[in-house]
Structures are given as C-alpha cells and as structure tokens.
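>>> coordinates for the following, if possible.
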Amino acid sequence: MEGMQEILQKALTEKKLFDSTVKNIRLWLESGFLPSWGVEAIGFLIKGGYWDELNDRFYKTLEFGTGGMRGRTMGQIITPQEKGAGTVDRPERANVGTNVLNDFNIIRATIGLYNYCVSFKNKSSLKLVIAHDVRFFSKEFCSLVAFVWNQLGGEAYVFSGPRSTPQLSYTVRHLKAIAGIVITASHNPPHDNGFKVYFQDGGQVVSPHAEGIVREVNEVDLKEIPKYLADKMEPAKQITSAMEAAYKGCLKETVLQAELIKEYSPKVVFTPLHGTGGIIVEPLMQECGVNFIKVPEQEVMDPKFSTVAFPNPEYPETLAMALKKANEVEADLVLGTDPDGDRMGAAARNREGKLELLTGNAIGSLLMDFRIKQLKELKWIPEKGTQAAAVVKTFVTTPLQDSIGREHGLKVINTLTGFKYIGEKLYDYEAVLLKRIAQANFDYDSLSYKARAELMLKHSTFYIFGGEESYGFLGSDFVRDKDANQVVILMCEFFAYLKKKKINVFDYLDELYVKHGYFKELLLNIYYEGAVGAIKIKSILESYRKNPPKAFGEVKVKKIQDFGSEKIVDADGKVIPAQDFFFVELDSGYHFAVRGSGTEPKIKFYFFAREGAPTKESLSEVKKEAERTLNELKQRVEKDAHERSLLQNPF
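You can find the predicted model right below:
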C-alpha cells in the first residue's frame, strides 16, 4: 500500500474521487482480508489514475433492490491481476470493489443470509437451493455459495447445470427449503451478474426479511471472508430428476384446455436467446403437442449473448433471428425467453400477414382476458365474477387490465414494481387459507390446481393471473415469481384457441379496446451510468418531491401522488410500502409514472393514455392521436428530467 494513501488523499482533495469511494477503498485495504492480487489490483487503478473506474467500483456497497443484489462483475478497466489467465471476453477473476459482484461480496451476502435464517428458524433445517444461469462467473458463484452455506452448517442443493429462475422458486417450496438463491442478472448486459434471494415461500425476499438480511450482511466482519476463499470446494447435493419432473408437471397442469394445443397448435418459432429457457420449454412444448421450430444459433448457452446486442426479448432487434426464421418457415408466432427464463417476448402475424411485436402490456391483457373466460367456461369461477378471485398487476402496467378484471367482476390488485410484490400477494392469500382451515400437517403444495382454486375461493382469494409491463407473467401460484416457461405454453394454448376460432390476435386486442377504451403506453428509459449517474437519478427523484413540475408545455399537472410520503392501500386494504415513486396526473386525462430502476442504472418514465373507442372503425384515428400526444409529452418530460439531473453536484 506504499504511496497509495497519499495518492488517494490527493485525488480526494482534487475532487477526482468521492468521499465514499476513498472511505470504502481504505476500508478494504486496511481490513486485511484481500488476497495479494486484490490489493495489487486496487493499487494498479490508484497509481494509474483511473478515477472514474474507482468511483464506479467503490462509491457504494451493493444493495438489495427489486431484484436482489445485482452489479457488474467486470469493469470498464480490467487490471492485469484480475485478467490473470482469463480470456479477452472474461478475466480470470471477478473485479475487486464494494459495488461489484465478486467472491468477497458473494461470501459476505451468503454469511449474512445464513445468519438471518438461523435467527428465523431452527438451525437443523437450513436447506438452501441455488440455481445459476449461463453468465460469466455464474457457475463459480453458485459453487461458492454452496460451499459457504455448507461450511456454516447448512445443507445446500444445486442443479446439474444452468436452470431458470422460476424453477428455483418452485424447488424452494418443493424441498421445503428456508431460502433460495439464483445467480443471474436476468437480461442485463454480459458484464453484469446478480445474487437474487428467495425465502421459504418461494418468492423474492420482501419486508421484513429483506431488511433483516441486509442488516445481517452489514454486520459480517470482512475478516471472516478469507476462510471461505478455498481453491477446492466439496460438491453440494444435487436436485434430483424427480424434483425437476415435478416442476414440469405443474406447468402442464396450468394449461386449462390441453386438447386445444394438440388439435390446433400454432406454428411457433422459439428462441431461448442463449439462456436457460430451452431446458424446460422445448421438452414441455414437445410433450404438449406444440409445432415448434428452433433458432439453432441461439440454442447455444453463451454468456456473451453473441448474436444479440442486448438479451432482452422485448426488443425487436433481439428477436431478429427468430423473426427471420419465422418468415422462412411461415410460422404464426415467435416466442423468446430471456437468459434466466422469467421473461417472455412475442411477435405474431397481423392482419396483413406481417410479424408484429406484441408489447408486454398487450401480452398480459390478452392472456388475462382469455384465462378469465376459460375459467368461467369451465365453471371454476361464477359467470358474474367474484371478489374471492383476483388478478394482480403493478401500478405501471396498463390500466386496460384493471378494466378487464373489473368488467369480469374480479378483484384487481395493484402493487409496486417488482414481481416480488406479486409473489408477496400469493403468500398473503396462502397465509389466510392456512389460518382459516387450521388443519394439522396440511400441505398446500400437494394440492392440484383445481383443488387450490376451490379452497382459495371458499376461504381466501384465488389468484387467476398477474404480470407486469416488462414482459413478466404468471398464470398459477405453483411458482411465486414470473415464469416464462409457463407463459410460453399458455401463449401456445391461447393461439391454438385463436386458430380454432379463426381470429387474428390483433382483432382480439381491438375488441378489448372497443369494449374498454383505447389504452396506449410508452416507456422512457434514461440511462445514467456509474457513480455520477446514480447521483443524477437521485437528483431527479428528489426534485419531484421538493420541486414538483407544474406543467409540460400547455398541459398542466392536475395531481402528483407521492408513494414515498403518502399512505396508499391496495384493494385488500394492505398498505403499499413507501418508495420514491410518483404518479403524475395531467389535465388532459393522461398520466405518467416516475421511478428509479432497482436493477439497472436508469430512471424510468411510464406514460399512459386512454381514449374512447366507440367503434372498431374509429380505432385507427384514435390510435394515431393518442400516440402523437404521448410522444409530445414524452419529449417534454425527458427534457425536464435532464435539467433536474443537474441540480446536485456529484462532489
């Protein structure tokens, strides 16, 4: 460390480094837990004057957000010590830093999680299920978590290879584990990875567990880390093939009219986008009788996601190869899942026969309406509806779904963004059921889908469908997170129905608009990378509270709902947790929402329009006017956001 402290102090004085950056660097250097290569890597960056890189790596400690702990494993600058024997694409070691997902932060998080679980439950039953996707360092991090957990006295279970996030959710419940972890960064860029925590209900951790885990992680002494930095680690217990088959079985059970698929299967092109989706989806489609075609180049599990710029199936360019294949084979439908298999994008033939991307809002609305109608036809729920059955969505998902749910006579629940809040609702409904029936040794997980529906309708609330605009959906409560494996087969069932009825999917959507009004949504993502970017995002959010906007052009602001300071309750009477999240209502009747992303370095603006559409013939002009007006609003809000981002000095 010779000379480094003086350089750090000089950089701090010259405002090249943040106070928090210097504090965290000194903490790591002085705690004595880093191996020699780690100290040398920090020294390389300090002596080389890589201030932006140091700020990005050390300005804060990774936190649990809507998706758990997520961050870069590889920085903009890779030191020689980190590159080691690695390749051009991947260094030998994940980068050093408090704000980087690396072995040190993985160990600390695992110890903190274990300590919280010990305080919560009998130590003798601390089973942990761990899954990982195909990303750089995912397999290594998974093995490290299992090793640490076992060394602490727990019992870790792992899969034989990469698996999807929803399968982890299911397996936590199936094994009666205390918790689960998925090593994934979902559809983030290749340089990212994550540590996503689930609790014993199979859902992502929420309050009070999330805060409890964070407290325990923060109390872990850095000096505990070295004893877990082993070169060789004993293998963990493996998830059996029977457990995997049970997950596939629950997916098939969620299909309400399996005969539809076998008789009227649409022609589908499917791509897992180099991720985990094909592991379950492809054999599932085959068993259900789906006529599907693969995209060979994207079947390869590739941590670089080399055939796409961004492995997010909501983007047309990401599905380009699948769309090309679909045109070659004249397919009806294109389906793509993200790297960890929890989100699904889709494209279908429009009335002119051209493939057109369906938005997340459209997919959710179509499946919600279809499944409610199915359940009524099968007499699972009354024709007039019932408040003992619910659809669950996020506040930033299209209000069309609120209208669909209410028109069908169902309870509509809105949650904060993040599927963990939808999972929490399922936990709440299960808890009500268990309390009311009060049977010893009652096992909810052993029940069939139909039996669950009957009991929930009688004693609690039956969950019918839920989702979020960002392409995450769930059609039954076997899993407690969004599940692309499930939704792929549900989309095949829906399109088989359309094929039987000879209805184009966009005609079906237009019928919903005529009945409920035309709903249009736009999304604005503003990216602010690194430490300075985080301050800009914070500046925008704080300014909405301290200096709220009054107008955008000639359109005045009617009302701003501040979820951080107001008490807001959902349709069950449950208080919504406080969050820096704002709903802005305008005099024009349009509105938009503002929130910082919990998983990526960006701030998000969600724009909503609703116009009356009395006839199908009038829809075309209504759509044009709504889109024009929303785009104008989007431009004004974006300009205002950039101005607000400059209100705080990063130093």
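>>> helix or strand right after the one helix or strand in the chain whose mean pLDDT sits lowest?
For the chain, using mean pLDDT, DSSP states H and E, the weakest element among its helices and strands is strand 64-65, scoring a mean of 59. Next helix or strand after strand 64-65 toward the C-terminus (DSSP states H and E): strand 68-72.
>>> okay, domains of the chain per the record?
100-239, 260-503, 517-645 (automatic domain parsing).
>>> now the ones you listed in a markdown table, please, with extra columns for mean neighbour count and mean pLDDT.
Bear in mind the C-beta positions are built from the backbone N, C-alpha and C, glycine included. Output for those, formatted as a markdown table (neighbours: other Cβ atoms under 10 Å; pLDDT from 0 to 100):
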| stretch | mean neighbour count | mean pLDDT |
| --- | --- | --- |
| domain 100-239 | 21 | 94 |
| domain 260-503 | 20 | 97 |
| domain 517-645 | 16 | 93 |
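>>> distance to residue 53 for those domains - can I get that in JSON lines?
Shown next, in JSON lines, are those (distance: least, Cβ to Cβ, whole Å):
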{"stretch": "domain 100-239", "distance to residue 53": "11"}
{"stretch": "domain 260-503", "distance to residue 53": "22"}
{"stretch": "domain 517-645", "distance to residue 53": "9"}
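>>> nearest to residue 55, out of those?
Closest to residue 55 of the domains of the chain, according to Cβ to Cβ: domain 517-645, at 4.1 Å.
>>> how long is that closest one from one end to the other?
36 Å (Cα to Cα, to the nearest Å).
>>> one step back: out of the domains of the chain, nearest to residue 8?
Comparing the domains of the chain under Cβ to Cβ, the one sitting nearest is domain 517-645, at 15.5 Å.
>>> for residue 81, find the nearest of the domains of the chain.
That would be domain 100-239 among the domains of the chain, by Cβ to Cβ, at 12.6 Å.
>>> which helix runs longest in the protein?
Criterion DSSP state H: the longest helix present in the chain is helix 619-645.
>>> and that one, how far out from the chain middle?
26 Å (Cα atoms, centre = their mean, to the nearest Å).
>>> likewise stretch 125-133?
On Cα atoms, centre = their mean, the centre of stretch 125-133 falls 19 Å from that of its chain.
>>> could you dump it to CSV, C-alpha only?
Output of stretch 125-133 as CSV, limited to C-alpha atoms (Å, rounded to 0.1, in the frame of the first residue of the first chain):
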residue,chain,number,x,y,z
SER,A,125,-33.3,-27.4,9.0
LEU,A,126,-31.5,-24.8,7.0
LYS,A,127,-31.8,-26.1,3.4
LEU,A,128,-30.8,-23.7,0.6
VAL,A,129,-31.5,-24.2,-3.1
ILE,A,130,-29.1,-22.5,-5.5
ALA,A,131,-29.5,-22.1,-9.3
HIS,A,132,-27.5,-20.2,-11.8
ASP,A,133,-27.8,-19.0,-15.4
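>>> what ranges do the helices span in the stretch 351-500 of the chain?
Taking DSSP state H, counting those that start in this stretch as the test, the helices found in the stretch 351-500 of the chain are 360-377, 400-407, 419-437, 449-459, 484-501.
>>> which residues sit against the third one?
The one in question is helix 419-437. Residues from elsewhere that reach helix 419-437, judged by Cβ atoms under 8 Å, 6 or more residues apart in numbering: 66, 169, 201-206, 342, 390, 392-394, 413, 415, 442, 444, 455-456, 459-463, 466-468, 472, 474, 477, 480-482, 572, 574.
>>> looking at those residues, which are in strands?
390, 392-394, 413, 415, 462-463, 466-468, 472, 474 (DSSP state E).
>>> ok, residue 46 touching residue 54?
Yes: if you go by Cβ atoms under 8 Å, residue 46 and residue 54 touch, sitting 7.0 Å apart.
>>> identify the contacts common to the two.
Common neighbours of residue 46 and residue 54 (Cβ under 8 Å, 6+ apart) are residue 25.
>>> those two: who's more crowded?
The neighbour count for residue 46 versus residue 54, taken as other Cβ atoms under 10 Å, is higher for residue 54 (27 against 22).
>>> next, the more buried one: secondary structure please.
helix (DSSP: H, G, I helix; E, B strand; the rest coil).
>>> that one and residue 419: what is the separation?
Note on residue 54: its distance to residue 419, by Cβ to Cβ, to the nearest Å, is 34 Å.
>>> what is the one helix or strand residue 542 maps to packed up against?
Using DSSP H and E, residue 542 sits within helix 530-546. Applying 3 or more Cβ pairs under 8 Å, 6 or more residues apart in numbering; DSSP states H and E, one finds that helix 530-546 makes contact with helix 51-58, strand 555-562, strand 581-586, strand 591-596, strand 602-611, helix 619-645.
>>> which strands or helices does the helix or strand following it pack on?
For helix 530-546, the succeeding helix or strand toward the C-terminus, using DSSP H and E, is strand 551-552. When contacts are defined as 3+ Cβ pairs under 8 Å, 6+ apart, strand 551-552 packs onto helix 619-645.
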